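Participant: Take this sequence and fold it.
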Amino acid sequence: MTGIFAERVRKIMGWCPQKDFGFMQAGDTKHRTGMYDFCAGYGDTQKKRWEKVLVDVPVLDSGMIRIFLPVMIAGFTLMIIVNHYSILDIFIVLAYYLALLLVVLQNRTTVELLHGTIIIHRPFLRSIVIQKNEITNTQVIKNLSHIKRWIIRLVALIVLVFLATLNINAIHINIEQSLPMLVTIVNIFSMPLMTVWFAVHIYNFEIRTHYKAALHVAINKRQFMFYVDNPDEFSVMLQHTGEDTLDG
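Facilitator: Below is the predicted model:
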């Protein structure tokens with residue numbers, strides 16, 4: 001009785017005998033039991049429940065405004081009130097860099113598929129919950145980033161080289177001038193900010209060029225874009241109501 005009880009507990013917990021005795025079936029793919037198929041299917045279900053999917057979310061839902069707006073207000077306020085360099089300038093510039101880093105990290109989204117609910121998990125920000133019954137339309141659309149990637153890459157490279165050249169020259173001039181140490185540090189630290197900002201946007205564009213198509217999901221006035229290798233298959237996984245069409 002104890003053995004039977006233990007066996008049932010193992011099955012409920014997802015234990016597969018092939019994990020312990022895989023060496024006995026090495027190279028043998030002709031004779032696989034139903035338990036093997038059950039375990040393999042269980043693993044596939046777990047993988048499908050959590051998917052690492054690149055998702056574009058609406059600006060108002062992204063939470064990025066709550067990050068950038070206070071930083072921008074604090075920066076402009078400091079420029080107006082304080083008419084000389086201070087250690088606070090370094091912290092304000094650092095806040096801008098951290099905000100840009102957060103923008104990069106927001107590409108590491110994970111989609112959790114539950115019964116009736118889609119949850120988009122994002123680093124350091126709250127998760128976005130989508131009710132499947134609220135989805136009004138879905139479309140598999142062509143990815144413009146993929147179509148125009150070579151033109152934008154060429155323009156981006158030219159702009160990056162131009163901005164980097166300006167930064168290097170400006171930093172060189174500041175180093176040669178006899179300025180207070182704090183002023184020099186703040187200037188050198190803040191000058192590449194525009195270049196980094198542009199590079200972040202190019203990075204966000206570049207990681208989307210891999211996908212020829214994307215799944216557009218409309219929820220009332222909110223628009224979401226899911227970048228996956230097979231948007232048709234992913235659309236089925238979402239288990240929504242709506243039509244899947246290919247634009248163009």
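Participant: which stretches of this structure form helices?
Facilitator: Taking DSSP state H to define them, one finds helices in the chain at 2-12, 17-21, 34-49, 59-62, 64-81, 87-105, 144-147, 149-176, 181-190, 193-206, 231-238.
Participant: Next, count neighbours for residue 73.
Facilitator: When counting by other Cβ atoms under 10 Å, one arrives at 10 neighbours for residue 73. All C-beta spots, glycine's among them, are computed from the backbone N, C-alpha and C.
Participant: Mind pulling up the pLDDT for the spatially most central residue of the chain?
Facilitator: Centroid check for the chain by Cα atoms, centre = their mean gives residue 107 as the closest residue, at 1.4 Å. If you check residue 107, the pLDDT there is 91.
Participant: Stretch 212-221: which residues count as buried?
Facilitator: 213, 214, 215, 216, 217, 219 (16 or more other Cβ atoms under 10 Å).
Participant: With stretch 124-143 instead?
Facilitator: Under 16+ other Cβ under 10 Å, the buried positions of stretch 124-143 are 125, 128, 130, 132, 135, 138, 139, 140, 141, 143.
Participant: separation between residue 195 and residue 167?
Facilitator: Separation of residue 195 from residue 167 (Cβ to Cβ, to the nearest Å) stands at 6 Å.
Participant: before we move on, what about residue 214?
Facilitator: According to Cβ to Cβ, residue 214 and residue 167 sit 34 Å apart.
Participant: And residue 176, by the same measure?
Facilitator: 15 Å.
Participant: ok, these two, which is more surrounded?
Facilitator: Neighbour comparison, residue 176 and residue 167: the larger count goes to residue 167, with 17 against 8 (by other Cβ under 10 Å).
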